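>>> give me a 3D structure for the following:
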Amino acid sequence: MTEQELIQEFQKNRLHVILAQLAPTGLLAFAAIATPAIAESNEMVKHAFALILLASGILGALAEYSAASQAQAAIDDLKSLPGSSALRTRVISFRPWLEVVKFVTPAIFVAIFGFILAGLYI
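Residues are numbered from 1 along each chain as shown. Down below sits the predicted model:
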């Protein structure tokens, strides 16, 4: 692939990372608002709500991890090409931040999920 194609691949995967974070964030915001009302419901509704949050969180984390890994692969390929440009340097410098997307962001979502479950069942 050419430098331009790799940069476009990185940008596409960066957009996927952003979109993959929007859905779980919106769902957790809704869950935080809805938890008090659902906590008053019967056990089956509570369990269903918890499982929906869990499944959505797992899918969101997988989507984020996958997009971040693909963006890192594009950066690694970009680093192996000869030459340099300001855009290329900026793209390459972004690589460490993708580790945050892969590990820190899902950990934060897990902590929020834990607090929501505590609010639901305690």
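
>>> could you find the closest non-adjacent residue to the residue most central in space within the chain?
Against the mean C-alpha coordinate of the chain, by Cα atoms, centre = their mean, the closest residue is Glu64 at 3.6 Å. Spatial nearest neighbour of Glu64, excluding adjacent residues (Cβ to Cβ, 6 or more residues apart in numbering): Ala20 at 4.4 Å. Quick note: C-beta positions are derived from backbone N, CA and C, even for glycine.

>>> surely Val110 touches Gly57?
Yes: the criterion here is Cβ atoms under 8 Å, and Val110 meets it with Gly57 at 7.3 Å.

>>> the two: which is more packed in?
Gly57 (20 against 12; other Cβ atoms under 10 Å).

>>> picking up where we left off before, residues contacting the residue nearest to the centre of the chain?
Glu64 makes contact with Val17, Ala20, Gln21, Val101, Lys102, Thr105, Pro106, according to Cβ atoms under 8 Å, 6 or more residues apart in numbering.

>>> so which strand or helix has it?
helix 43-80 (DSSP states H and E).

>>> what's the angle between the helix or strand following that helix and helix 43-80?
Heading C-terminal from helix 43-80, the first helix or strand you meet, by DSSP H and E, is helix 86-93. If you take axes from the mean of the first three to the mean of the last three Cα atoms, to 10 degrees, helix 86-93 sits at 130 degrees to helix 43-80.
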